[in-house]
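# structure, please.
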Amino acid sequence: MTTTTSTAPTATSTASTAQAAGSTGSQQLAGNFDTFLQLLTTQLQNQDPLNPLDTNQFTEQLVEFASVEQQVDMNTNLQTLISLQQTAEATSALQFLGTTVTINSNTAALSNATNTPATWSFSAASPATANITITSSTGQTAYTGTRSLSAGSQSYTWNGQGNNGVTWPDGNYTLTINATGANGQPVTVTTQVQGVVSAINLSQNPPLVTVDGQSYPINQIQSISSNSVSHLPP
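Down below sits the predicted model:
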């Protein structure tokens, strides 16, 4: 009588292939939980009955299997939290539309057509003498001068006239203040601008607000004017 015996190399080769597939799948398991489960089942079905999968290896894969499930659930919950946060940010951002806001920035708009000078608010840490430079959006120096600063909040208004008396065109201008104290020590000066929010870009994170033609991250808004009236429908 002839006895047919299945050769171990074939079964081992099949099991090794399944193990290799399981290893490859484990690298992608966070994105496809079902595929990982199918690979693990296939590996068990194709293992060599005379040389079954080592118990320790099987235990490790079961632990990995449980870890995969937790990771997939964690990713799903995280995506839900991100979605909720983005929705909350969008709702919050829309409330700024049409309001007058104060923003941390040193760029202000000049409009000769509407007789609106460029105006900045700034705060000095202590009394100082300041060298003031105003540059255009292309980097050209429009005006330079000096001014005495007191401690605390104050403002600076520029009517658009350069040092040569020529009026600069409408546009956005940047104010730079280098201040020094009585003993020559540098004095910190923070600059802000005020304007009406005319548009909001919700596709960015954080959302961007448009004030006087300039876009700013919403987290740069410091305050809302008390006399602002929202243009949102009730």
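# gap between the longest strand belonging to the chain and the chain center?
In the chain, with assignment by DSSP state E, the single longest strand is strand 189-201. In terms of Cα atoms, centre = their mean, to the nearest Å, the gap separating the centre of strand 189-201 from the centre of its chain is 18 Å.
# residue 107 pairs with what?
residue 174 (DSSP bridges).
# my guess is it contacts residue 193. True?
Yes: here residue 107 reaches residue 193: they are 6.7 Å apart, a contact under Cβ atoms under 8 Å. Backbone N, C-alpha and C define where each C-beta goes, glycine included.
# where exactly do the strands run in this protein?
100-104, 107-110, 118-124, 128-135, 141-149, 152-158, 171-180, 186-187, 189-201, 208-211, 214-217, 221-224.
# out of these, deepest packed?
Of the strands of the chain, the one with the most neighbours on average (mean count of other Cβ atoms under 10 Å) is strand 107-110, at a mean of 22.
# hang on, the earlier thing: what sits up against the longest strand of the chain?
Strand 189-201 is contacted by residues 93-94, 96-109, 119-125, 128, 130, 149, 175, 177, 179, 207-212, 215, 218, 222, 225 when judged by Cβ atoms under 8 Å, 6 or more residues apart in numbering.
# surely residue 178 meets residue 124?
No: contact criterion Cβ under 8 Å: residue 178 and residue 124 do not qualify, at 11.7 Å.
# okay, and the common contacts of those two?
Common contacts of residue 178 and residue 124, defined by Cβ under 8 Å, 6+ apart, comprise residue 130.
# domain map for the protein?
Domains of the chain are assigned by automatic domain parsing as 10-77, 100-224.
# which residue is nearest the centroid of this structure?
residue 205 (4.6 Å; Cα atoms, centre = their mean).
# can you tell me how far it sits from residue 82?
10 Å (Cβ to Cβ, to the nearest Å).
# compute the inter-axis angle for the helix with the most length in the chain and strand 189-201.
In the chain, ranked by residue count with DSSP state H as the criterion, the top helix is helix 55-94. For helix 55-94 against strand 189-201, the angle by axes from the mean of the first three to the mean of the last three Cα atoms, to 10 degrees is 100 degrees.
# got phi/psi on residue 185?
Dihedral angles of residue 185 (phi, psi; degrees, to the nearest 10) stand at phi -80, psi 140.
# mind listing what it touches?
By Cβ under 8 Å, 6+ apart, the contact set of residue 185 is empty.
# per-residue pLDDT of it, please?
With respect to pLDDT, residue 185 has a value of 95.
# same deal with the one 4 residues further on?
As predicted, residue 189 sits at a pLDDT of 94.
# once you drop chain neighbours, what's closest to it?
residue 177 (4.7 Å; Cβ to Cβ, 6 or more residues apart in numbering).
# quick check, that neighbour in contact with residue 129.
No: counting by Cβ under 8 Å, residue 177 stays clear of residue 129, with 10.6 Å between them.
# joint contacts of these two?
Counting by Cβ under 8 Å, 6+ apart, the residues touching both residue 177 and residue 129 are residue 149.
# residue 105 contacts residue 216, correct?
Yes: when contacts are counted by Cβ under 8 Å, residue 105 is listed as touching residue 216 (6.3 Å).
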